[in-house]
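K.L.:
Curious how this folds, go ahead:
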Amino acid sequence: MSDNPIRVLIVDDSVFMRSMLKGALSDADDIEVAGTAQNGMEGLEKIEALRPDVVTLDVEMPGLSGLEVLEQVMNKRPLPIVMVSTKTQAGAETTLKALELGAVDYVAKPLGEKSASLESFRSSVTRAVRTAAASNRANLGKQTTPVARAGPVSAARPGTVVAIGISAGGPAALHQMLPAVPKEFPPIVITQHMPADFTGPFAKRLGETTQVSVKEAAVNDELIPGRALIAPGDRHLRIIKCANKLLVALDDGPKVAGFRSSVDVLFESVATAVGARAVGVIMTGMGCDGSVGIRIFKKRGAFTMSQDKESSTVYGMPKAAYETGCIDRVVSLSEIPTAIAEALESHAAIVG
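P.N.:
Numbering: from 1, shown residues only. Prediction:
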């Protein structure tokens with residue numbers, strides 16, 4: 001056991017799930033299960049008594065639901081919370097709402113009792129707890145500085161693309177950022193690390209708050225101004241140039257940097273397709289996905305930026321990108337839309 005283990009409280013109404021979560025987390029040398037709770041009210045009491053570093057929280061519980069517990073925690077004393085949900089439509093919708101409210105990460109309950117499914121779940125929950133423990137508590141459960149609205153971009157010509165890579169903390173960040181993007185903005189492509197069952201509902205929810213249209217990317221979708229495309233959770237999103245059009249290609253190739261969809265895959269394809277006419281943005285997230293793609297963007301003459309530490313829920317991906325030495329500008333979440341617009345205007349004047 002580590003000298004300073006991550007202390008976790010498990011809140012779940014299922015005896016089976018509490019046992020599974022406890023077993024998975026207890027096997028990790030750097031994690032200690034501080035306690036368990038069988039309902040929301042008991043969970044709130046034990047949060048106060050045990051002061052855990054991270055809470056795993058069941059989405060669907062009788063009485064006080066996981067969402068209600070989350071809201072109370074975030075309003076009183078924000079803590080890093082990992083939601084544990086079912087892979088149902090209702091489970092996805094509730095989990096996405098939880099992420100918008102400040103939950104750091106989530107895991108989907110295993111389907112059945114196949115060993116592969118169970119092992120994948122055990123790995124996912126330990127990774128999610130570590131991600132939550134690394135989060136910036138100052139950004140949990142609160143609204144950041146209002147995001148400045150970007151003005152019209154005259155560079156919204158064929159071939160201009162904004163590519164965004166994002167992970168933990170992403171749903172809340174995108175819900176704050178994208179509404180500040182004007183309808184006439186250049187096409188946006190996004191890889192958000194998220195399971196396949198969630199990306200469709202996520203795109204739909206996001207599109208309800210934005211001026212640009214938002215959809216889960218499909219094969220042969222054309223990149224057009226005023227639309228944002230989100231990579232499906234289980235496929236790599238690539239952009240290809242065909243007959244002077246930019247189109248979506250999807251594939252289920254091997255994971256890259258531990259992910260499919262991979263930010264590196266998206267960035268490399270955009271760099272190949274449009275070169276210096278792209279703006280690449282790395283936002284909140286754990287790990288280093290996107291840092292290879294940022295290097296490729298830089299070699300092709302594209303403009304690159306990363307989210308700053310202060311506004312990132314998890315300063316992993318932005319840090320890795322910054323440390324490549326290939327980031328042109330570091331910006332806060334509140335400044336990203338205007339920074340992209342400024343980059344498109346000024347950079348377009350240089351590249352022609």
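
K.L.:
Show me how the record splits this structure into domains.
P.N.:
Per the record's domain assignment (automatic domain parsing), the chain is made up of the domains 6-139, 161-351.

K.L.:
pLDDT below threshold where in the stretch 101-250 of the chain?
P.N.:
Low-confidence segments of the stretch 101-250 of the chain (pLDDT under 70): 111-117, 141-145, 151-152, 154-158.

K.L.:
do the stretch 251-352 of the chain as well
P.N.:
Looking at the stretch 251-352 of the chain by pLDDT under 70, you get 347-352.

K.L.:
For it, just list every one of the helices.
P.N.:
Secondary structure of the stretch 251-352 of the chain by DSSP state H, counting those that start in this stretch: the helices cover 263-274, 291-299, 317-322, 336-351.

K.L.:
Mind putting those into a markdown table with mean neighbour count?
P.N.:
Quick note: C-beta positions are derived from backbone N, CA and C, even for glycine. Converted to a markdown table, the helices of the stretch 251-352 of the chain look like this (neighbours: other Cβ atoms under 10 Å):
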| stretch | mean neighbour count |
| --- | --- |
| helix 263-274 | 25 |
| helix 291-299 | 22 |
| helix 317-322 | 25 |
| helix 336-351 | 19 |
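
K.L.:
could you dump these to a markdown table with distance to Glu45?
P.N.:
Formatted as a markdown table, the helices of the stretch 251-352 of the chain follow (distance: least, Cβ to Cβ, whole Å):
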| stretch | distance to Glu45 |
| --- | --- |
| helix 263-274 | 40 |
| helix 291-299 | 43 |
| helix 317-322 | 36 |
| helix 336-351 | 39 |
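
K.L.:
closest one to Gly226 among those?
P.N.:
helix 336-351 (14.0 Å; Cβ to Cβ).

K.L.:
thinking again about what came up before, what's the most buried one of the domains of the chain?
P.N.:
domain 161-351 (a mean of 21; mean count of other Cβ atoms under 10 Å).

K.L.:
Would you state the strands of the protein in chain order?
P.N.:
For the chain, the strands defined by DSSP state E cover 6-11, 31-37, 54-58, 81-85, 105-108, 161-166, 188-192, 213-216, 227-230, 236-242, 245-251, 278-282, 303-307, 329-331.

K.L.:
Ok, which of the helices of the stretch 251-352 of the chain comes nearest Lys309?
P.N.:
Closest among the helices of the stretch 251-352 of the chain, using Cβ to Cβ: helix 317-322, at 7.2 Å.

K.L.:
Which other helices and strands does that closest one contact?
P.N.:
strand 278-282, helix 291-299, strand 303-307 (3 or more Cβ pairs under 8 Å, 6 or more residues apart in numbering; DSSP states H and E).

K.L.:
how about the strands of the chain in TSV, adding distance to Phe259?
P.N.:
Converted to TSV, the strands of the chain look like this (distance: least, Cβ to Cβ, whole Å):
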stretch	distance to Phe259
strand 6-11	22
strand 31-37	22
strand 54-58	22
strand 81-85	18
strand 105-108	14
strand 161-166	10
strand 188-192	8
strand 213-216	17
strand 227-230	14
strand 236-242	9
strand 245-251	14
strand 278-282	14
strand 303-307	18
strand 329-331	23
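
K.L.:
wait, what's in contact with the closest residue to Thr313 other than its chain neighbours?
P.N.:
Distance criterion Cβ to Cβ, 6 or more residues apart in numbering; nearest residue to Thr313, sequence neighbours excluded, is Gly169 at 2.6 Å. The contact partners of Gly169, by Cβ atoms under 8 Å, 6 or more residues apart in numbering, come to 104, 135, 139, 284-285, 312-314.

K.L.:
and if you look at Ala273?
P.N.:
So Ala273 contacts 161, 239-241, 246 (Cβ under 8 Å, 6+ apart).

K.L.:
And these, which two are furthest apart?
P.N.:
Pairwise over the contacts of Ala273, using Cβ to Cβ, the maximum falls at Val161 and Ile240, 12.0 Å.

K.L.:
Figure out the length between the terminal residues of stretch 19-32.
P.N.:
Using Cα to Cα, to the nearest Å, one end of stretch 19-32 lies 14 Å from the other.

K.L.:
Which residues does it contact?
P.N.:
The contact list for stretch 19-32 (Cβ under 8 Å, 6+ apart) reads 1-2, 5-8, 10, 12, 33, 36, 56, 84, 110, 118, 121-122, 125-126, 129-130.

K.L.:
Show me how far it is from its chain's centre.
P.N.:
24 Å (Cα atoms, centre = their mean, to the nearest Å).

K.L.:
now stretch 252-263
P.N.:
15 Å.

K.L.:
ends of it, how far apart?
P.N.:
One end of stretch 252-263 sits 14 Å from the other (Cα to Cα).
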